[in-house]
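A.B. asks: Fold the following, please.
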Amino acid sequence: MSKQFFISVSLGTAVFLVMLYSTAKAEHAGEGLADSGLGNVVNEMVIAANAILGTVADGPGGIENAVGYNRQELLHLNGQDEARSNYVYWPYLRKGLPLDFMSAQQKILTHKLLNTALSSKGYLSVIQVMQLEKILSDNEVIGFPRGPENYTLAIFGSPALDNRWGWRFEGHHLSLNFSVAAGEISVTPTFFGASPAQIRTGSMAGFRSQHYVHNAGFNLMNSFTDNQKSRAIEDGNPPFDILSGNLNRPRENWEDWKSLGNTGIAISSLDPQQKQLAQHIIDEVITVYRPKISQSYLNQVDINDLNFTWMGSTSDGEAHYWRLDGPDFFFEYDLVQSNGNHVHAVWRSKDGDFGEDLLMQHRQESH
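C.D. replies: Sure, this is the predicted structure:
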């Protein structure tokens, strides 16, 4: 089977599955809008997580004993496990239960858990990232763990409505981190990447992962006057990778990105139409999650508190980097590697990554 045919079939199948999912999800989302807060979403998440845990409750058996692994130990981790506050977006043998080790039932339940959190757009983006791994798997011979099967699910703590717990779905170019407590959900860091960012040959030529966010950044930059561009663009080469990443950085420097300060152009100085373009970036970033989750975040971000910074080329198709950030909201889009065709994009919270905001709230309510 040719590589082009595989991508065409795989992405086509993914689109078909998401279309079916979207039809059902649209009805469900409509019901969710009548909910008072995130309570129903949290309840669905707890049920889905416990359903997966129920499949490993009896411990290893059958193929696990023969091969020598324990699905329960891989899947269910302590709430204080060090992996809980780490996100890894490169090829890596991370903690968690890989899809490759799951039964068909466990894979189905994993997708159900993802659907408790993601919007249709977000779910499709996840599938796209996973399918693009097949291109890398076919073209690389350097031994990295590539392929759609190398994505892992980890559940931290005990899922319950009155517990503080979390879960993570992660693999190369994807890191989704959820913390749950007291009817609230935290979703940062949220990382999406792709290589190639845009397929440039074959039957799928023109397909771009995360094209809405990609276009939203360019739309804002292209709206600027020369004077505004001079304020938005920083001198120097764009960074090779996101500044809030932890790859090849010592742990003591993992939070240096929080002190970058105000750079670029203040969104508050833009005209109303340009502010709408900036708001569109935020909308695209946050609405990968279900309406109840995304709306709770959108309500907290004031566009006038943010700055927009650009580095590198302003021509589409060439290497560049930009970020939109403020007191808490922090989003980076880095399209530099592989001659501007390898994207790393991450949404982080300066105060709330890995549920730190929920933990702070819990501490305050307990005193």
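A.B. asks: What's the separation between Trp165 and Asn43?
C.D. replies: Look at Trp165 and Asn43: by C-beta to C-beta, to the nearest Å, they are 13 Å apart. Heads up, the C-betas are built off the backbone N, CA and C, glycines and all.
A.B. asks: More neighbours: the two, which one.
C.D. replies: Neighbour totals were compared for Trp165 and Asn43, and Trp165 leads with 19 against 14 (other C-beta atoms under 10 Å).
A.B. asks: Which residue, other than its chain neighbours, is closest to the more buried one?
C.D. replies: Gly157 (3.5 Å; C-beta to C-beta, 6 or more residues apart in numbering).
A.B. asks: does that neighbour really touch Arg168, like I thought?
C.D. replies: No: if you go by C-beta atoms under 8 Å, Gly157 and Arg168 don't touch, sitting 11.8 Å apart.
A.B. asks: Show me where this structure dips below the pLDDT cut-off.
C.D. replies: Counting by pLDDT under 70, the low-confidence segments of the chain come to 1-36, 65-66, 137-145, 359-367.
A.B. asks: Now for Lys258, how many residues are close by?
C.D. replies: For Lys258, using other C-beta under 10 Å, the count is 16.
A.B. asks: follow-up on the earlier one: okay, Gly157 and Arg168: which has more neighbours?
C.D. replies: Arg168 (25 against 21).
A.B. asks: partners of that one in the sheet?
C.D. replies: Residues in a beta bridge with Arg168, per DSSP bridges, are Ala154, Asn177.
A.B. asks: domain ranges for the chain?
C.D. replies: As assigned by automatic domain parsing, the chain contains the domains 3-188, 211-351.
A.B. asks: so which of those domains comes closest to Ser203?
C.D. replies: domain 3-188 (4.9 Å; C-beta to C-beta).
A.B. asks: what's downstream of the strand or helix carrying Leu74, the next helix or strand?
C.D. replies: Per DSSP states H and E, Leu74 falls inside helix 71-75. Later in the chain than helix 71-75, the nearest helix or strand by DSSP H and E is strand 76-77.
A.B. asks: Who are the packing partners of the helix or strand immediately after that following strand in the chain?
C.D. replies: Toward the C-terminal end, the helix or strand that comes next after strand 76-77 (DSSP H and E) is strand 97-98. Using 3 or more C-beta pairs under 8 Å, 6 or more residues apart in numbering; DSSP states H and E, the elements in contact with strand 97-98 are helix 71-75, strand 152-156.
A.B. asks: Please render those as CSV that adds distance to Asp316 to the earlier fields.
C.D. replies: Compiled in CSV, those are given as follows (distance: least, C-beta to C-beta, whole Å):
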stretch, distance to Asp316
helix 71-75, 42
strand 152-156, 34
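A.B. asks: Can you redo those as JSON lines, where the extra columns are mean neighbour count?
C.D. replies: Shown next, in JSON lines, are the helices and strands packed on strand 97-98 (neighbours: other C-beta atoms under 10 Å):
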{"stretch": "helix 71-75", "mean neighbour count": "19"}
{"stretch": "strand 152-156", "mean neighbour count": "24"}
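A.B. asks: in the stretch 251-367 of the chain, which spans are helices?
C.D. replies: Assigned by DSSP state H, counting those that start in this stretch, the stretch 251-367 of the chain shows helices spanning 272-286, 291-298, 337-340, 356-365.
A.B. asks: and those helices as TSV, adding mean neighbour count and distance to Ala266?
C.D. replies: Listed next are the helices of the stretch 251-367 of the chain as TSV, based on neighbours: other C-beta atoms under 10 Å; distance: least, C-beta to C-beta, whole Å:
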stretch	mean neighbour count	distance to Ala266
helix 272-286	18	10
helix 291-298	19	20
helix 337-340	14	27
helix 356-365	14	25
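A.B. asks: Distance to Lys95 for the ones you listed - can I get that in CSV?
C.D. replies: Output for the helices of the stretch 251-367 of the chain, formatted as CSV (distance: least, C-beta to C-beta, whole Å):
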stretch, distance to Lys95
helix 272-286, 27
helix 291-298, 24
helix 337-340, 26
helix 356-365, 20
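A.B. asks: who wins for proximity to Asp241 among these?
C.D. replies: That would be helix 337-340 among these, by C-beta to C-beta, at 7.4 Å.
A.B. asks: Tell me the spacing between Ile199 and Leu132.
C.D. replies: 8 Å.
A.B. asks: Have a look at the two and say which one is more surrounded.
C.D. replies: When neighbours are counted by other C-beta under 10 Å, Ile199 and Leu132 differ, and Leu132 comes out ahead with 24 against 20.
A.B. asks: Settle this for me: that one is touching Ala197, isn't it.
C.D. replies: No: between Leu132 and Ala197 there is no contact under C-beta under 8 Å: 9.2 Å.
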